[in-house]
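[1] sequence and predicted structure, then a few things I'm wondering about:
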Amino acid sequence: MTEVKVLQSRLQRRPLVALAIVCLLCIPQAGLAQARVLVQREDGVSVWFSVELALSVEQRTEGLMHRQSLSARHGMWFDFGADNDVVMWMKNTLVALDMLFVEADGTLARVHSNTVPFSETLLRSGRPVRFVLELNAGDVDRYALKPGDKLRLVSP
């Protein structure tokens, strides 16, 4: 191969390498189950999100820490296994999030919008909840989600 063709070949591959790196940063954590969450707003509009499931203590502890980004309409669903007063924080979390605190029957109980990356401020559910849904910051406003809406986990 001539030097020009070698150079052309390398340049043609660079966009693919860059794309591969970006894609790798958005890949869900290995080993986490996937599902979808249906949000039924009080006005009847339905909104879907793809989620990773944080079911074990280890998965809930790691959460979305160290992620460089979170894809659009994607999040993490935390299942605490029982109703509890839940406390979350943003330690080691690089992306701003909206946190939705959800009761066992799927009712959205409380929202903490636009959380601050790396913050150790405690974000409380305010009452016993079973689940937390973390989404990209701004999604609560973007999709007009509010307390009283109903959330339901649906297998993929």
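    Arrived safely, thanks for sending. Numbering: from 1, shown residues only.

[2] now the closest residue to residue 118 other than its chain neighbours: which helix or strand?
    Ranked by C-beta to C-beta, 6 or more residues apart in numbering and with sequence neighbours excluded, the top spatial neighbour of residue 118 is residue 90, at 6.1 Å. All C-beta spots, glycine's among them, are computed from the backbone N, C-alpha and C. Per DSSP states H and E, residue 90 falls between elements, in no helix or strand.

[3] again, but for residue 141
    Secondary structure (DSSP H and E) places residue 141 in helix 139-142.

[4] can you tell me what sits against that helix?
    49, 73, 75, 98, 100, 111, 113, 145-146 (C-beta atoms under 8 Å, 6 or more residues apart in numbering).

[5] which strands and helices lie in contact with the helix or strand following that helix?
    Using DSSP H and E, the next helix or strand after helix 139-142 towards the C-terminus is strand 150-154. Secondary-structure packing of strand 150-154 (3 or more C-beta pairs under 8 Å, 6 or more residues apart in numbering; DSSP states H and E): strand 34-40, strand 123-136.

[6] pick the most deeply packed of those strands.
    Most buried of the helices and strands packed on strand 150-154 by mean neighbour count (mean count of other C-beta atoms under 10 Å) is strand 123-136; its value is a mean of 20.

[7] so which of the contacts of helix 139-142 is the closest to residue 58?
    residue 75 (18.7 Å; C-beta to C-beta).

[8] touching, that closest one and residue 37? I think so.
    Yes: between residue 75 and residue 37 there is a contact under C-beta atoms under 8 Å: 7.3 Å.
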